[in-house]
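In: Here is a sequence together with a model predicted from it:
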2 protein chains.
Amino acid sequence: MNSTRDIDNLIELMAKLPGLGPRSARRAVLHLIRKRALLLTPLADVMQVVAETARECLNCGNVGTTDICDICESEKRATGELCVVEGVADLWAMERAGVFKGRYHVLGGTLSALDAIGPQDLRIPKLVDRVTSENITEVILALNATIDGQTTAHYIADQLGGQVRLTTLAQGVPIGGELDYLDDGTITAALNARKDI
Amino acid sequence: MNSTRDIDNLIELMAKLPGLGPRSARRAVLHLIRKRALLLTPLADVMQVVAETARECLNCGNVGTTDICDICESEKRATGELCVVEGVADLWAMERAGVFKGRYHVLGGTLSALDAIGPQDLRIPKLVDRVTSENITEVILALNATIDGQTTAHYIADQLGGQVRLTTLAQGVPIGGELDYLDDGTITAALNARKDI
């Protein structure tokens, strides 16, 4: 069908998004066409802007539209605390919690022998630079509790050893979590780190 | 955060798509930014084009980029068979099956007393027009097997009564379907319409 080439093309591109398959892409495209003025046109416009302006912060690796992101620029956040995360999604999750007032460092992944990702492929050298140049007093390793995440945490601890205070996120029962649904590892960690009340 | 206003805006718009929530919209946007040249820019471009050119076929209600869609234009498909569907998604599903060689008529919904949708809100008057003006010999009602779909089928049958051959899709066990997982209504329909082998 020639007159629907652009629409077919749009469906095909939408189907490449994580979380969408061919069927949901078709549904999304029909929805977009139906809500053209409210959704399709604004979405096309803002995508164009983001495609032109989005970049990684040269300092921390956060995604924004300026060379240095707002968090790195903000004087208020120069607390000497540096939170190391794997990806931008993790940084955003920390920001949504709204409790951390320092700055971030996005590694851009984890060390992985299987995928041949070494320290030079991540922002680990840049992290070592920042710790010495930015007056950092504490590095918080907020890496995922996976094998690769923990391997990376150990490597970073090794690199920074003795220079600054190194901490990691506490492990235990999530808020609202039910014991019955938790895995053995989490229960073990929570029990080992039990606190007086 | 000011420097991420456009990105936040993009996430907010993406989260309005069916099948995406805030979390999957964030994931999709990060994916888009990472695959800027391959995905984000082409998607923005084709969205712009579709936003400007997408329209409903004046004849059948299919979505395309021309006033009269390819199916209505095609001489090959002037078979005298007209397939009536509820929405464009249903038309696309029929086309994917690739077995129907006639033309379509998209109603744009079903009659619904609850939602106050009457025949004038759908393309039912246009359907009656087409049946008399287009040399239609058979109208196939491919409406969903829901209460509203079947009500609409009865109403259309009433309107077209006697003018043309009226048929509806067969009901029964879907290909690859297991009896154990089928509802009672489908099994009853399949048993009542049993065939000699």
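Out: Thanks, I have the structure now.
In: Could you use CA atoms for every contact and neighbour count after this?
Out: Fine.
In: Please save the CA atoms from stretch A:173-183 in PDB.
Out: Output of stretch A:173-183 as PDB, limited to C-alpha atoms (Å, rounded to 0.1, in the frame of the first residue of the first chain):
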ATOM      1  CA  VAL A 173      13.200  -5.400  53.100                       C
ATOM      2  CA  PRO A 174      11.700  -2.800  50.700                       C
ATOM      3  CA  ILE A 175       9.100  -0.400  52.100                       C
ATOM      4  CA  GLY A 176       5.700  -2.100  51.700                       C
ATOM      5  CA  GLY A 177       7.400  -5.400  51.000                       C
ATOM      6  CA  GLU A 178       5.900  -8.700  52.300                       C
ATOM      7  CA  LEU A 179       8.300 -11.300  53.600                       C
ATOM      8  CA  ASP A 180       6.500 -14.100  51.900                       C
ATOM      9  CA  TYR A 181       7.300 -12.600  48.500                       C
ATOM     10  CA  LEU A 182      11.000 -11.800  49.200                       C
ATOM     11  CA  ASP A 183      13.800 -13.900  47.900                       C
END
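In: Buried residues in that stretch, which are they?
Out: The neighbour-count check on stretch A:173-183 (16 or more other C-alpha atoms under 10 Å in any protein chain shown) flags A:V173 as buried.
In: hmm, who's touching the lowest-mean-pLDDT helix or strand in chain A?
Out: One helix or strand of chain A scores below all others by mean pLDDT, DSSP states H and E: helix A:184-192, with a mean of 86. Here helix A:184-192 makes contact (C-alpha atoms under 8 Å, 6 or more residues apart in numbering or on different chains) with A:Q171, A:G172, A:V173, A:L179.
In: Now it: buried residues?
Out: Buried, per 16+ other C-alpha under 10 Å, within helix A:184-192: A:I187, A:A190.
In: Can you get me the start-to-end distance on stretch A:63-81?
Out: Start-to-end span of stretch A:63-81 (C-alpha to C-alpha, to the nearest Å) is 20 Å.
In: go on, stretch A:179-186?
Out: Chord length of stretch A:179-186, first to last residue, is 9 Å (C-alpha to C-alpha).
In: same check, this time on stretch A:115-130
Out: From its first residue to its last, stretch A:115-130 covers 26 Å (C-alpha to C-alpha).
In: same deal with stretch A:27-45?
Out: By C-alpha to C-alpha, one end of stretch A:27-45 lies 21 Å from the other end.
In: How about that stretch and chain B, touching?
Out: Yes - Stretch A:27-45 is in contact with chain B by C-alpha under 8 Å from any C-alpha of the partner chain, via A:27-28, A:30-33, A:36, A:39-41, A:43-45.
In: Of the residues you listed - the most surrounded one?
Out: A:L43 (25 neighbours; other C-alpha atoms under 10 Å in any protein chain shown).
In: mind checking how far the helix or strand containing A:T41 is from the chain centre?
Out: Element membership for A:T41 (DSSP states H and E) is helix A:41-53. Centroid separation for helix A:41-53 versus its chain: 22 Å, with C-alpha atoms, centre = their mean, to the nearest Å.
In: going on from that helix, what's the next piece of helix or strand?
Out: Note on helix A:41-53: by DSSP H and E, the next helix or strand toward the C-terminus is strand A:55-56.
In: Starting from whichever helix or strand comes after that next one, tell me which strands it pairs with and how they run.
Out: Of the helices and strands lying after strand A:55-56 in sequence (DSSP H and E), the nearest is strand A:63-64. Using DSSP bridges, strand A:63-64 pairs in its sheet with strand A:55-56 (antiparallel).
In: Give me the mean pLDDT for the strand it pairs with.
Out: Averaging pLDDT along strand A:55-56 yields 90.
In: can you give me the strands in chain A?
Out: Counting by DSSP state E, chain A has strands at residues A:55-56, A:63-64, A:81-85, A:103-106, A:138-141, A:165-168.
In: tell me which strands and helices the third one is in contact with?
Out: What it means is strand A:81-85. Using 3 or more C-alpha pairs under 8 Å, 6 or more residues apart in numbering or on different chains; DSSP states H and E, the elements in contact with strand A:81-85 are strand A:103-106, strand A:138-141.
In: counting contacts, what elements does the last one pack onto?
Out: Helices and strands touching strand A:138-141, by 3+ C-alpha pairs under 8 Å, 6+ apart, are strand A:81-85, strand A:165-168.
In: Quick one, grab the pLDDT at A:M94.
Out: pLDDT, A:M94: 90.
In: can you check A:D67 too?
Out: Looking at A:D67, its pLDDT stands at 90.
In: Likewise for A:A78?
Out: pLDDT, A:A78: 83.
In: other SSEs contacting the helix holding A:T41?
Out: helix B:5-14, helix B:41-53.
In: quick one, which of the ones you listed is nearest to A:T4?
Out: With C-alpha to C-alpha as the measure, helix B:41-53 is the member of the helices and strands packed on helix A:41-53 nearest A:T4 (9.4 Å).
In: and the closest one with helix A:41-53, angle?
Out: 150 degrees (axes from the mean of the first three to the mean of the last three C-alpha atoms, to 10 degrees).
In: how far away is A:L141 from chain B?
Out: Distance of A:L141 to chain B, computed by C-alpha to the nearest C-alpha, to the nearest Å: 22 Å.
In: now A:L182
Out: For A:L182, the distance to chain B - C-alpha to the nearest C-alpha - is 22 Å.
In: Looking at that residue now. What's its pLDDT?
Out: 85.
In: on that earlier part again, could the helices and strands packed on strand A:138-141 go into JSON lines alongside mean neighbour count?
Out: Formatted as JSON lines, these follow (neighbours: other C-alpha atoms under 10 Å in any protein chain shown):
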{"stretch": "strand A:81-85", "mean neighbour count": "24"}
{"stretch": "strand A:165-168", "mean neighbour count": "14"}
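In: Need those in CSV (columns: distance to A:V99).
Out: Converted to CSV, the helices and strands packed on strand A:138-141 look like this (distance: least, C-alpha to C-alpha, whole Å):
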stretch, distance to A:V99
strand A:81-85, 12
strand A:165-168, 15
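In: okay, those strands in CSV with mean pLDDT next?
Out: Shown next, in CSV, are these (pLDDT from 0 to 100):
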stretch, mean pLDDT
strand A:81-85, 92
strand A:165-168, 91
